[in-house]
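A.B. asks: What would the 3D arrangement of this be:
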Amino acid sequence: MKILTVAAVFAAALAAAKDVYADSGLDALFKREQSTLNAVPTGRLNNFFNFNRSGKKAKPTEVKFTKAWLDTIPAAKGGDNFACLAEALYFEARGETVKGQFAVAEVIMNRVKSSQFPNSLCAVINQGTGRKYQCQFTYTCDGHKEVIREKTAFERVSKVARLVMDGATTGITDGATYYHTTAVRPRWSKSFTKTARIGVHLFYRDDRFRTALNN
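C.D. replies: Next up is the predicted model:
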């Protein structure tokens, strides 16, 4: 009787397994898959698995303060905060120049960033609407229903809203969190630093909160 060593038994089992693998067609399948894999360019594989990607960020939108430029921007859309900002720009600044509209949007965004005000666009815009004429933005508490009648004007200010929310910055108000029209002179304006005059609006910054705003 022939006695097989452990090594011989293992070799025989491995040979049998190879025969089964070949007979089952798995060997041919493996070769086809290997051939397909080898045909894919290395660069495509690296991109698929996110290897060696540069991670470049999209460049900020270069803002141009013209209606012609705004008209080249796709129609804007968004959620509740977008709707609040677009509405605020329509009722507060639709008669302003495009630069003036960006300035008002910038003030509202600066308020969201400041610890002095609520931390969302809708909350900032609707702050103090419980009493007539005791709110931050008069159109929200003047007792009149907000009706958008100028479609083109609303489409344009909506684009301004979307651009500002998406990170387009201008710095034209130098950190302002307040503004008023040149037709009035509110008492609070004496307490703040005037930063700009754009169109019919004067802009102010509360320097007590400037550090928090810049962080």
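A.B. asks: contacts and neighbour counts: CA atoms only from here.
C.D. replies: OK.
A.B. asks: What's the local residue count around residue 127?
C.D. replies: Number of residues near residue 127 (other Cα atoms under 10 Å) recorded here: 17.
A.B. asks: Shouldn't it be within a helix?
C.D. replies: No: with DSSP: H, G, I helix; E, B strand; the rest coil as the criterion, residue 127 is coil rather than part of a helix.
A.B. asks: Per-residue pLDDT of it, please?
C.D. replies: Looking at residue 127, its pLDDT reads 93.
A.B. asks: Could you pull up the residues touching it?
C.D. replies: 118, 135, 136 (Cα atoms under 8 Å, 6 or more residues apart in numbering).
A.B. asks: For residue 166, see how far away residue 99 is.
C.D. replies: According to Cα to Cα, to the nearest Å, residue 99 and residue 166 sit 17 Å apart.
A.B. asks: between the two, which one's more packed in?
C.D. replies: residue 99 (19 against 11).
A.B. asks: So that one sits against residue 196, correct?
C.D. replies: No: using Cα atoms under 8 Å, residue 99 makes no contact with residue 196, being 11.9 Å away.
A.B. asks: so residue 105 is in which element?
C.D. replies: Taking DSSP states H and E as the criterion, residue 105 maps to helix 98-113.
A.B. asks: name the helices or strands packed onto that helix?
C.D. replies: If contacts are counted by 3 or more Cα pairs under 8 Å, 6 or more residues apart in numbering; DSSP states H and E, helix 98-113 sits against helix 80-93, helix 121-125, helix 151-165, strand 178-181, strand 193-198.
A.B. asks: send the alpha carbons of stretch 80-97 over as PDB?
C.D. replies: Output of stretch 80-97 as PDB, limited to C-alpha atoms (Å, rounded to 0.1, in the frame of the first residue of the first chain):
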ATOM      1  CA  ASP A  80     -37.900  78.900   1.900                       C
ATOM      2  CA  ASN A  81     -34.800  81.000   2.700                       C
ATOM      3  CA  PHE A  82     -34.300  81.800  -1.000                       C
ATOM      4  CA  ALA A  83     -38.000  82.800  -1.300                       C
ATOM      5  CA  CYS A  84     -37.700  85.100   1.700                       C
ATOM      6  CA  LEU A  85     -34.600  86.800   0.300                       C
ATOM      7  CA  ALA A  86     -36.000  87.200  -3.200                       C
ATOM      8  CA  GLU A  87     -39.200  88.700  -1.800                       C
ATOM      9  CA  ALA A  88     -37.200  91.100   0.500                       C
ATOM     10  CA  LEU A  89     -35.100  92.300  -2.400                       C
ATOM     11  CA  TYR A  90     -38.200  92.800  -4.500                       C
ATOM     12  CA  PHE A  91     -40.000  95.000  -2.000                       C
ATOM     13  CA  GLU A  92     -37.000  96.700  -0.600                       C
ATOM     14  CA  ALA A  93     -34.800  97.300  -3.600                       C
ATOM     15  CA  ARG A  94     -36.400  96.500  -7.000                       C
ATOM     16  CA  GLY A  95     -36.300 100.100  -7.900                       C
ATOM     17  CA  GLU A  96     -32.600 100.300  -7.100                       C
ATOM     18  CA  THR A  97     -29.700  99.700  -9.500                       C
END
